[in-house]
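Chemist: sharing a model that was predicted from the sequence below.
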Amino acid sequence: MNPSIRVLLVEDNPGDARLIRVALHEWTGGSCVVDVADHLAGALLRLEAGGIDILLLDLGLPDSQGPDTFAAVQRKGAGLPIILVTGTGDEEIALELIRRGAQDYIVKGKIDAQLLGRSMRYAIERANIMNENRRLNETLERRVIDRTRQLEAANRELETFTYSVSHDLRAPLRHIDGFARLVRERAGDTLDPTSRHYMDSIHEGTQQMGQLIDDLLHLAQVGRQVVRMGRTKLDTIVQEALAGLDQEPEKREIRWTLGPMPEIECDAGLMRIVFMNLLSNAVKYTRPRRQAHIEVAAELIRGRTVLYVRDNGVGFKMKYADKLFGAFQRLHRADEFEGTGIGLATVQRIVHKHGGEIWAESDTDQGATFYFTIGEGRERPDVTT
Amino acid sequence: MSVGLVDVLIAEDNTADAELVQVALEQNDRSFRFHLVRDGEEALDFLLSRGWYSERRYQDAPRLILLDIRLPKINGLEVLRVLRHDPRTRLLPVVLLTSSTLEEGVALGYHPGANSYIQKPTDFQLFRQIVHHLARYWLEFNEPPPLGGRVMDSW
Amino acid sequence: MPDTSMIPIEILLVEDNPGDVRLTREALRESRMRNNISVASDGVEAMAFLHRANPFEKAPRPDLILLDLNLPRKSGRDVLEEIKTDEGLKHIPVVILTTSQAEQDILASYRLRANAYVTKPVDLEKFLKVVQSIEHFWLEIVKLSRS
């Protein structure tokens, strides 16, 4: 036991005070120093002066009673262990205050040197541990905040970069397409079929690149956009997304099942993009089916509203699922299903911007379901400058 | 001023784009007199009859101005702002050419007062179609603002 | 990426002559771009439509306005001025489509920041052609360039 333990005993009854001091003396063999305060104001002053290792606190003081006393001392004490000195019948209050941070309580009239000693020892140790924990947590929190800020800054830079690069690529692309075309026109009939075919390939190449650039630009734009939340009827959004879908070249039979959708807090424009992408994918990947079934609905899973788009299309193997949302990642060959692989990255970006999550379930030839949530009203601080 | 020839001013710093615009315009069956300026300052010199172009008369103002938003020295939006402020050029028809949706969005937010905003696509056939219809519309069907000595704005 | 040009283009035609309304609708029906035409038959109606006031609370925001200068109740000039000085409306392209070829009218319209001015020909064929050229440019080309 540390010989120079300094105890602050806050007790207004001289008799009780003396009993406690005797017990303390017994326990420490005289090697602890006891300061006494008989009212709250005095106790606070003494705490302010510093050097106290532990408090023994009677809640009933002339200038303060009960939980208020504790609160005042706790505030001033800044992590110091506090042992309550209570009368019989005050156990309820004591327990409540322990929940609020008191380390222990002793009952007047049942003061025993051993018990007191053990209680104090534990109290001091526990207080140390608690303080250490709190300190670690604060450091951790600060680190997380810094890291998040760094990530967000990096993200923004990347988006700006993606944006300006994509933007600047459009002009030379137009030139390649333009001059190749003009060459072809000037050459006219002198161009042999193979050369004509090569020229066609040049054009196709530029078109593909153009589409890629547009998709990238779109992704970057979505990333930079400030989310404008508002009460939105998802039914309307789904209808608008449907109206905006490309007409399929061959008349195909698509059976749409649209479940009732809730009204939620979200950015309507961005949500429309989410649905347009998911629906357009569903339409695309159900092309080999004689009858395509596409379902859009909402489900309550473990108390959360989960939105989903389900199709009976070609699906994909779950082992590739983690590649699904990567920009440019495709799980099907370009000659089977066209696309640049940006769509889902954009969708994920938007869902994350809303504080939500997105995931998918599928198997080869078993269709696919894309689930997503919109964060419970909590908007991720994705603000652009 | 020659009868039948239509003056078109193209303000474009990119040589290839300027060339493609001219090719596209030439495919109309009108005869155009192209004027090409390569930066914002030159564009203003031309339209305000100063510097190199101090000999130009306001009556010879172009029937159509294709103004790229990105110009060196003074950008397209600034040029437009100056044009709209000057009574001599306030009413000239200007079509602003942008490279992307975001650029167009920026331009619109600026409210610079172009008559129309066109995005230059990457597909050349589309680009040609656009320029063709643009020229036909502005030079054949649209009534240009009256110019000439007595019709200066706010005189 | 889904094609947003499938969403119909909203046109507001401000025209009091029912014959001209009919012809304009016909001409625009030929367009390759899906379009939706709303008609206001005088200046007051036009402004109510644009401000989404009663009974036009659900009015769509037009992508293009075709405006005749000769209108009852409120003139085309006043409508033009109001549109081009309203923060929320001034970026909507306004094409003046009117019978007058008078210099004052053309000048006044451009001064009030009309985007374009087209005179209505008397001849039917020419009228259809004119409307189609407007459609070609303002609908197909402007929209097409954004796809």
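Modeler: Noted; the coordinates are in hand.

Chemist: what's the first-to-last distance across stretch C:104-122?
Modeler: End-to-end span of stretch C:104-122 (Cα to Cα, to the nearest Å): 20 Å.

Chemist: mean confidence score for it?
Modeler: Averaging pLDDT along stretch C:104-122 yields 90.

Chemist: enumerate the positions of that stretch that are buried.
Modeler: Using 16 or more other Cβ atoms under 10 Å in any protein chain shown as the test for burial, stretch C:104-122 gives C:105-120. Glycine gets a C-beta too; all of them are placed from N, C-alpha and C.

Chemist: restricted to strands, list those residues.
Modeler: Of the positions in the buried residues of stretch C:104-122, C:116-119 sit in strands, assigned by DSSP state E.

Chemist: need those in a markdown table with distance to A:Val296, can you?
Modeler: Rendered in a markdown table, the data for those read as follows (distance: Cβ to Cβ, whole Å):
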| residue | distance to A:Val296 |
| --- | --- |
| C:Ala116 | 42 |
| C:Tyr117 | 47 |
| C:Val118 | 44 |
| C:Thr119 | 50 |
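
Chemist: nearest to chain B, of those?
Modeler: The closest of those to chain B turns out to be C:Tyr117 (Cβ to the nearest Cβ; 4.2 Å).

Chemist: from what I can see the closest one touches C:Val94, true?
Modeler: No - with contact defined as Cβ atoms under 8 Å, C:Tyr117 does not reach C:Val94; the gap is 9.7 Å.

Chemist: by mean pLDDT, point me to the weakest helix or strand of chain C.
Modeler: None of the helices or strands of chain C scores lower by mean pLDDT, DSSP states H and E than helix C:142-144, at a mean of 66.

Chemist: so A:Met271 sits right up against A:Ile350, yeah?
Modeler: Yes - A:Met271 is within contact range of A:Ile350, at 7.4 Å (criterion: Cβ under 8 Å).

Chemist: what is the end-to-end distance of stretch A:296-305?
Modeler: Terminal residues of stretch A:296-305 lie 13 Å apart, using Cα to Cα.

Chemist: residue contacts, A:Ala17?
Modeler: Counting by Cβ atoms under 8 Å, 6 or more residues apart in numbering or on different chains, A:Ala17 touches A:9, A:11, A:36, A:38.

Chemist: which other helices and strands contact the helix or strand harbouring A:Val34?
Modeler: Here A:Val34, judged by DSSP states H and E, is contained in strand A:32-37. Judged by 3 or more Cβ pairs under 8 Å, 6 or more residues apart in numbering or on different chains; DSSP states H and E, strand A:32-37 is in contact with strand A:5-10, helix A:14-28, helix A:40-49.

Chemist: tabulate the CA atom coordinates of the longest one in PDB.
Modeler: Right, the one you point to is helix A:14-28. Extracted in PDB, the C-alpha atoms of helix A:14-28 (Å, rounded to 0.1, in the frame of the first residue of the first chain):
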ATOM      1  CA  PRO A  14     -17.800  14.700  13.800                       C
ATOM      2  CA  GLY A  15     -18.600  11.400  15.400                       C
ATOM      3  CA  ASP A  16     -18.800   9.600  12.100                       C
ATOM      4  CA  ALA A  17     -15.700  11.300  10.900                       C
ATOM      5  CA  ARG A  18     -13.700  10.200  13.900                       C
ATOM      6  CA  LEU A  19     -14.800   6.600  13.400                       C
ATOM      7  CA  ILE A  20     -13.800   6.600   9.800                       C
ATOM      8  CA  ARG A  21     -10.400   8.200  10.600                       C
ATOM      9  CA  VAL A  22      -9.800   5.500  13.200                       C
ATOM     10  CA  ALA A  23     -10.600   2.800  10.700                       C
ATOM     11  CA  LEU A  24      -8.300   4.400   8.100                       C
ATOM     12  CA  HIS A  25      -5.500   4.600  10.600                       C
ATOM     13  CA  GLU A  26      -5.900   1.000  11.500                       C
ATOM     14  CA  TRP A  27      -5.900  -0.200   7.900                       C
ATOM     15  CA  THR A  28      -2.900   1.800   6.700                       C
END
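
Chemist: quick check: mean pLDDT of that helix?
Modeler: 85.

Chemist: now it: buried residues?
Modeler: Using 16+ other Cβ under 10 Å as the burial criterion, the residues of helix A:14-28 that qualify are A:16-17, A:20-21, A:23-24, A:27-28.

Chemist: got the angle for that helix vs strand A:32-37?
Modeler: Orientation of helix A:14-28 against strand A:32-37 (axes from the mean of the first three to the mean of the last three Cα atoms, to 10 degrees) gives an angle of 160 degrees.

Chemist: interface residues of chain A facing chain B?
Modeler: Within chain A, the positions lying close to chain B (Cβ under 8 Å from any Cβ of the partner chain) are A:163, A:167, A:170-175, A:177-179, A:181-182, A:206-207, A:209-210, A:213, A:217, A:221.

Chemist: how about a cut-off of 6 Å?
Modeler: A:167, A:170, A:173-175, A:177-178, A:181, A:210 (Cβ under 6 Å from any Cβ of the partner chain).

Chemist: ok so, going back, tabulate the helices and strands packed on strand A:32-37 in CSV, adding columns for distance to B:Val94.
Modeler: Shown next, in CSV, are the helices and strands packed on strand A:32-37 (distance: least, Cβ to Cβ, whole Å):
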stretch, distance to B:Val94
strand A:5-10, 82
helix A:14-28, 92
helix A:40-49, 74
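
Chemist: show me what residue of the stretch 201-350 of chain A gets nearest to chain B.
Modeler: Nearest residue of the stretch 201-350 of chain A to chain B (Cβ to the nearest Cβ) works out as A:Gly210 at 3.7 Å.

Chemist: near that residue, how many other residues are there?
Modeler: As a burial measure, A:Gly210 scores 19 neighbours (other Cβ atoms under 10 Å in any protein chain shown).

Chemist: which residues of the stretch 101-250 of chain A fall in strands?
Modeler: Secondary structure of the stretch 101-250 of chain A (DSSP state E, counting those that start in this stretch): strands located at A:104-107, A:230-233.

Chemist: in chain C, what residue is nearest chain B?
Modeler: Taking Cβ to the nearest Cβ, chain C has C:Phe137 as its residue nearest chain B, at 3.7 Å.

Chemist: and the gap between the residue nearest to that residue when sequence neighbours are not counted and A:Met130?
Modeler: Ranked by Cβ to Cβ, 6 or more residues apart in numbering or on different chains and with sequence neighbours excluded, the top spatial neighbour of C:Phe137 is B:Tyr137, at 3.7 Å. To A:Met130, B:Tyr137 is 77 Å away according to Cβ to Cβ, to the nearest Å.

Chemist: excluding chain neighbours, what is closest to C:Ser38?
Modeler: C:Leu12 (5.2 Å).

Chemist: helices and strands around the helix or strand hosting the one you found, which ones?
Modeler: Assessed by DSSP H and E, C:Leu12 sits inside strand C:9-14. Here strand C:9-14 touches strand C:35-40, strand C:64-67, going by 3 or more Cβ pairs under 6 Å, 6 or more residues apart in numbering or on different chains; DSSP states H and E.
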